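> sequence plus predicted model, see below.
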Amino acid sequence: MLDETTNYKLLKLLEAQPQLSQRQLAQELGVSLGKVNFCLKALIEKGLLKATNFRNSKNKLAYMYLLTPNGIEEKASITLRFLKHKMQEYESLEAEIEELRREVPIN
């Protein structure tokens, strides 16, 4: 359930906006609240995220999710792998488009 794309997007979002609630994260990622909860717990267990309570918040259930130093390193590694994967997809799609152009000339 913790795929690398979700991992990447979640870490990227939390790096930029650590105060987002799980509901907001789910909405931003287009996944279920349960999946976000599962992913956050897994990232915390791996030591990539740290959850801190808003001490002065009126909503005592509010948390801030901060990337740990290991989380920052992992995000960089995932970003590199994600970029390589997307570039491969792009090159494959570009080759497919070129092949189709040869088959059906556009006037």
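Okay, I see it.
> low-confidence bits of this structure, can you list those?
1-2, 54-62, 107 (pLDDT under 70).
> show me where it has helices.
With DSSP state H as the definition, the chain shows helices at residue ranges 4-16, 22-29, 33-45, 69-103.
> so how far is the last one from its chain's centroid?
What separates the centre of helix 69-103 from the centre of its chain is 15 Å, taken as C-alpha atoms, centre = their mean, to the nearest Å.
> wait, what's in contact with residue 52?
Listed by C-beta atoms under 8 Å, 6 or more residues apart in numbering, the contact set of residue 52 reads 63, 64, 66. All C-beta atoms are positioned from the backbone trio N, CA, C, and that covers glycine.
> ok, back up a step: now mean neighbour count and distance to residue 51 too, for the helices of the chain, in CSV please.
Listed next are the helices of the chain as CSV, based on neighbours: other C-beta atoms under 10 Å; distance: least, C-beta to C-beta, whole Å:
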stretch, mean neighbour count, distance to residue 51
helix 4-16, 17, 10
helix 22-29, 15, 10
helix 33-45, 16, 6
helix 69-103, 12, 12
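> neighbours around residue 106, how many?
By the other C-beta atoms under 10 Å criterion, the neighbourhood of residue 106 contains 5 residues.
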